[in-house]
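>>> Provided below are the primary sequence and the corresponding predicted coordinates.
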Amino acid sequence: MDQAPPPAVQAEGVVKRFGPTVALDGVQLTVQPGESHALVGRNGAGKSTLVSVLTGLHKADAGTVTFGGEPAPAFGDTTAWQSKVACVYQKSMVVPDLTVAENLFLNRFDDNARWISWGRLRKRAEQLLADYGVQVDPNTRARDLAVEQRQFVEIARALSFGARLIILDEPTAQLDARGIGRLFDKLRELQSQGVAFLFISHHLQEVYELCTAVTVYRDARHVLTAPVADVAKTELVAAMTGEKSGGAVAWHAAGTATPPDASAEPVLRTEGLTLEGRFEPLDLQVRPGEVLGLAGSAASGNTALGEVLAGMRKAGGGTVRVHGEAVRSGSVPHALAAGIGYIPEDRHDQGLVLGRSVAENATLTVTDQLGPWGTVLPSRTREFARGMIDSLDIKTQGPEQPVSGLSGGNQQKVVVARALARGPSVLVAVRPTAGVDVKSKDSLLGVVRRVADEGNAAVVVSDELDDLRVCDRVLALFHGRVVATFASGWTDGELVAAMEGVGERE
Ligand SMILES: Nc1ncnc2c1ncn2[C@@H]1O[C@H](COP(=O)(O)OP(=O)(O)OP(=O)(O)O)[C@@H](O)[C@H]1O
């Protein structure tokens, strides 16, 4: 009888501590060759830490890891790790100014060659990409690749090192529906060739679409491994949260206390607001109590619009007014002073000072309110931060912990805390729940709803249907133009069709 091949990766009893925090408490994971295995859990459950251990970035304090039945390479032997496993992160690992060919052969020396033959390099790159069915010109500069192509190049690079296990950390975060479809097709094709995938995602529907097995971690511990087909979504959520049922969702627009008063003066008003190449002149009005959705894919211009509203970018023309007062364009301090709070999409570039504490980051925009005569009282800062930690369910050792020690999703919540700190009249949130776990998503969208219910205006920029469900009104953008307007009660199909430009002429 044939023996089953050894697992692509097997981790047993893995422990990892960061000072007083136990990030992994004796966890296990087994991924079979050719399997697509999901790893899910709430923010801070330990997923990224496991990835760091499996890719040789962190040394486990205890436990064993094997690849294809063989012990993991020695800690620090980067080349050996590369031949076992690779992780495709949301942030690019390729060098933007180099070509695809150069990126593919970066740090790889030709056995006997004393100099680099560019022609040969290009040929080898062409061959390599063709082997894995990746249709990208090796002469393209990496910066010009679409996210999806960049991911394909990174996967091909990993496979060419001999790795047969690829870890994908939220790979769909920046892809539109078609890009996700193409990514999944490619993954299935590689799976059929025996490549194994560990798929980390907060989008449970993607887990059901792509994966055959799922492992759940909760609070640093392993709680469940099962075939995806055997676990209902409610069970999966229950395993992640440790609670019996999900309970009622509190943030839907429909049925909220009082519908926004259509005759009230708008809190936020734009006239002829435009940014060339991004979005055409727009007249928006958001009334007290209203959450407005700006739906659209990354190329629709909705993110640029959000950034203009928040003062991150200067408008090409037109005006923004808050309570009738004009806001100077392209200035974050002026936007803040006008009462515009902003939750950016990219928390690393725009959001946080990583070396500083949770309390300091959460209060960066309100230092003027934390003590008399321009002083900042640590006690008041801590008190404010504690309130935010409770209301947003931020998993941290306490207000003093540097945000660099928080998990990705919990860092996102600190960004939200900061945007709320000033009690904004207008809250602009760009994909606010990206990277946030299923349960926190509810509380976060609940917070957006509450800001509006208190008589303010909120603008949600997103292509996530759940984010848009909190809205009273949704404008769908396509190629910089509003192509449809929906009152609450829209169906998923019609909104997706509008965002995809169905029925529009390009
Ligand atoms: N460098 C670090 N220093 C201190 N603590 C850390 C560090 N990295 C992670 N932790 C802690 O380890 C725990 C697990 O974090 P990890 O990033 O693995 O979670 P995660 O499951 O990936 O969460 P998310 O879904 O939010 O990305 C968290 O409590 C986190 O605060």
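Great, that's in hand. Note that the structure is predicted; figures quoted are calculated from it, not measured. Numbers count the residues shown, from 1 in each chain.
>>> on the pLDDT front, check whatever residue of the stretch 251-400 of the chain ends up closest to the ligand for me.
Closest residue of the stretch 251-400 of the chain to the ligand, Cβ to the nearest ligand atom: K395 (5.7 Å). (Glycine included, C-beta is placed from N, CA and C.) What the model reports as pLDDT for K395 is 89.
>>> who are the contact partners of it?
R42, N43, G44, L406, S407, N410 (Cβ atoms under 8 Å, 6 or more residues apart in numbering).
>>> can you check A196 too?
A8, V9, V31, Q32, P33, G34, E35, S36, H37, R164, L165, I166.
>>> same thing but 6 Å
Listed by Cβ atoms under 6 Å, 6 or more residues apart in numbering, the contact partners of A196 are A8, V31, P33, E35, L165.
>>> most neighbours, which of those?
Of all those, the most densely surrounded is A8 (27 neighbours; neighbours counted as other Cβ atoms under 10 Å).
>>> thought E35 was touching that one, still the case?
No - between A8 and E35 there is no contact under Cβ atoms under 6 Å: 7.3 Å.
>>> so which of the contacts of K395 are also by the ligand?
Residues of those in contact with the ligand (Cβ under 6 Å from any ligand atom): N43, G44, L406, S407, N410.
>>> from those, which is closest to L210?
Nearest to L210, judged by Cβ to Cβ, of the ones next to the ligand among the contacts of K395 is N43 at 21.3 Å.
>>> can you say which helix or strand has the residue nearest to that closest one when sequence neighbours are not counted in it?
Leaving aside its sequence neighbours, N43 sits nearest to G409 (Cβ to Cβ, 6 or more residues apart in numbering; 2.9 Å). Element membership for G409 (DSSP states H and E) is helix 408-421.
>>> can I get that helix as CSV, trimmed to CA atoms?
Taking C-alpha atoms only, helix 408-421 is exported to CSV below (Å, rounded to 0.1, in the frame of the first residue of the first chain):
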residue,chain,number,x,y,z
GLY,A,408,-2.7,44.2,13.0
GLY,A,409,-6.4,44.3,13.7
ASN,A,410,-5.9,45.9,17.2
GLN,A,411,-3.7,48.5,15.7
GLN,A,412,-6.5,49.4,13.3
LYS,A,413,-8.8,49.9,16.3
VAL,A,414,-6.3,52.4,17.8
VAL,A,415,-6.5,54.4,14.6
VAL,A,416,-10.3,54.4,15.0
ALA,A,417,-10.0,55.5,18.6
ARG,A,418,-7.9,58.4,17.5
ALA,A,419,-10.3,59.5,14.8
LEU,A,420,-13.1,59.5,17.4
ALA,A,421,-11.1,61.3,20.1
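>>> could you identify the helix or strand that succeeds it?
Assigned by DSSP H and E, the successor of helix 408-421 is strand 426-430.
>>> what average pLDDT does that next one get?
Strand 426-430 comes out at a mean pLDDT of 95.
>>> kindly export it (C-alpha atoms) in CSV.
Extracted as CSV, the C-alpha positions of strand 426-430 are listed here (Å, rounded to 0.1, in the frame of the first residue of the first chain):
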residue,chain,number,x,y,z
VAL,A,426,-17.9,64.4,10.2
LEU,A,427,-16.3,61.0,10.4
VAL,A,428,-14.6,59.8,7.1
ALA,A,429,-13.8,56.1,7.2
VAL,A,430,-11.9,54.4,4.4
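>>> correct me, but N43 touches Q411?
No - with contacts counted by Cβ under 6 Å, N43 stays clear of Q411, the gap being 8.9 Å.
>>> hmm, back to that, for the residue of the stretch 251-400 of the chain closest to the ligand, which three-state class applies?
Under the three-state scheme (DSSP: H, G, I helix; E, B strand; the rest coil), K395 adopts coil.
>>> quick one: stretch 36-45 to chain centroid distance?
The chain centroid and the centroid of stretch 36-45 are separated by 14 Å, computed with Cα atoms, centre = their mean, to the nearest Å.
>>> mind giving me the packing neighbours of the helix or strand hosting E383?
Using DSSP H and E, E383 sits in helix 378-392. Counting contacts by 3 or more Cβ pairs under 6 Å, 6 or more residues apart in numbering; DSSP states H and E, helix 378-392 is packed against helix 358-362, helix 408-421.
>>> residue contacts, the residue nearest to N43?
N43, G435, V436, D437.
>>> quick one: the first one and F152, what's the gap?
Here the criterion is Cβ to Cβ, to the nearest Å. By it, N43 lies 28 Å from F152.
>>> near the ligand, which residues of the stretch 251-400 of the chain?
Residues of the stretch 251-400 of the chain lying near the ligand (Cβ under 6 Å from any ligand atom): K395.
>>> what's around N139, how many residues?
Neighbours of N139 using other Cβ under 10 Å come to 12.
>>> quick one: low-confidence parts of the stretch 51-200 of the chain?
Applying pLDDT under 70 to the stretch 51-200 of the chain flags the ranges 90-92, 107-116.
>>> make sure D463 is actually in contact with S297.
Yes - contact criterion Cβ under 6 Å: D463 and S297 qualify, at 5.4 Å.
>>> give me the number of residues near W118?
For W118, using other Cβ under 10 Å, the count is 11.
>>> likewise for K59?
Other residues close to K59 by other Cβ under 10 Å number 11.
>>> what does it show for phi and psi?
Dihedral angles of K59 (phi, psi; degrees, to the nearest 10) stand at phi -100, psi 130.
>>> who's the closest spatial neighbour of it, skipping the chain neighbours?
F75 (4.7 Å).
>>> the one you found should be in a helix, yeah?
No - under three-state DSSP, F75 falls outside any helix and is assigned coil.
>>> mind checking how far it is from L198?
20 Å.
>>> got it, and H334?
Distance from H334 to L198, by Cβ to Cβ: 45 Å.
>>> now Q151
15 Å.
>>> again, but for E360
For E360, the distance to L198 - Cβ to Cβ - is 35 Å.
>>> just R313 next, same as before
As judged by Cβ to Cβ, R313 and L198 stand 37 Å apart.
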